[in-house]
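**Student:** Okay, sequence plus prediction incoming.
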Amino acid sequence: MAEENKKKFPLWMHPETQRQVKEWYKKDNCGSQSEFIEKAILFY
């Protein structure tokens, strides 16, 4: 996906979910938390 096509928007999540994202995104070789969340969404 091209960087210029990305849109910024607010994202609300429970603190425990945010903690997991912060912990797991590097373990999944993602460069950012946003990349991790996007990969998870595309997986499902």
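**Tutor:** Structure's in. What do you need?

**Student:** Now for Tyr39, which secondary structure element holds it?
**Tutor:** Actually, residue 39 is Lys. It isn't Tyr. In this assignment (DSSP states H and E), Lys39 forms part of helix 33-43.

**Student:** Contact partners for Leu11?
**Tutor:** By CB atoms under 8 Å, 6 or more residues apart in numbering, the contact set of Leu11 is Ile37. From N, CA and C alone the C-beta is placed, and that goes for glycine too.

**Student:** quick one on the thing from earlier: what's the average pLDDT for the helix holding Lys39?
**Tutor:** Here helix 33-43 scores 96 as its mean pLDDT.

**Student:** so what secondary structure elements neighbour it?
**Tutor:** helix 15-24 (3 or more CB pairs under 8 Å, 6 or more residues apart in numbering; DSSP states H and E).

**Student:** Nearest residue to the middle of this structure?
**Tutor:** Centroid-nearest residue in the chain: Ile37, 2.5 Å away (criterion: CA atoms, centre = their mean).

**Student:** so how far is Gly31 from that residue?
**Tutor:** 12 Å (CB to CB, to the nearest Å).

**Student:** And for Pro10?
**Tutor:** 21 Å.

**Student:** If I look at Glu3, what pLDDT would I see?
**Tutor:** So Glu3 comes in at 67 (pLDDT).

**Student:** related to what we said a few turns ago, compare Pro10 and Gly31 (neighbour count), which wins?
**Tutor:** Gly31 (9 against 4; other CB atoms under 10 Å).

**Student:** mind checking how far the more buried one is from Gln20?
**Tutor:** 18 Å.

**Student:** Likewise for Pro10?
**Tutor:** 19 Å.

**Student:** okay, now the nearest residue to Asp28 once chain neighbours are set aside: neighbour count?
**Tutor:** Take Asp28 and drop its neighbours on the chain: the residue closest to it by CB to CB, 6 or more residues apart in numbering is Phe36, 5.8 Å away. Counted with other CB under 10 Å, residues neighbouring Phe36 total 20.
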